[in-house]
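Colleague: sharing a model prediction with you, sequence too.
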Amino acid sequence: MPSSAEEQFTGDSQCIVCLKEVRDGDALCRFTFEERTLTLCCPLCMEAFKATPKTYLGRMLPPRTDATSF
């Protein structure tokens, strides 16, 4: 599993643990945390996330803000 600080989580179609792109329907699970949808791709990533969630939640970028919204 990646541990490099250079690798970042970029969106809800990417596993928060291994950073693998996950197509719709291929995710083990998706859940919402602080207004972000997070994806886990497999049981190994689920176990890693459950063991040390702060490690992986630290990869999240701030939620996107749409400059055109009112």
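Modeller: In hand now; what should we look at?
Colleague: buried ones in stretch 39-46, by neighbour count?
Modeller: Thr39, Leu40, Cys41, Cys42, Cys45 (16 or more other C-beta atoms under 10 Å). Backbone N, C-alpha and C define where each C-beta goes, glycine included.
Colleague: mind checking how far the third one is from Phe33?
Modeller: Relative to Phe33, Cys41 is positioned 16 Å away (criterion: C-beta to C-beta, to the nearest Å).
Colleague: the fourth one too?
Modeller: Summarising the geometry, the distance separating Cys42 from Phe33, computed by C-beta to C-beta, is 19 Å.
Colleague: helices of this structure, residue ranges please.
Modeller: With DSSP state H, the ranges of helices along the chain come out as 43-51, 53-57.
Colleague: quick one: which of the ones you listed is nearest Ile16?
Modeller: Proximity to Ile16 (C-beta to C-beta) singles out helix 53-57 among the helices of the chain, at 4.8 Å.
Colleague: tell me the contacts of the residue most central in space within the chain?
Modeller: Closest to where the C-alpha atoms of the chain average out (C-alpha atoms, centre = their mean) is Ile16, at 2.7 Å. If a contact means C-beta atoms under 8 Å, 6 or more residues apart in numbering, then Ile16 has Phe9, Leu38, Thr39, Leu40, Cys45, Phe49, Tyr56, Leu57, Arg59, Met60 as its contacts.
Colleague: mind doing that once more with 10 Å?
Modeller: 9, 31, 33, 36-41, 45, 48-49, 53, 55-57, 59-60 (C-beta atoms under 10 Å, 6 or more residues apart in numbering).
Colleague: for Arg23, same thing?
Modeller: Shown in contact with Arg23 (C-beta under 10 Å, 6+ apart): Ser13, Cys41.
Colleague: if we can go back for a sec, buried ones only from the contacts of Ile16, please, as a ChimeraX command.
Modeller: When burial is assessed using 16+ other C-beta under 10 Å, the buried subset of the contacts of Ile16 is captured in ChimeraX by this command:
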select :9,36,38,39,40,41,45,48,49,56,59,60
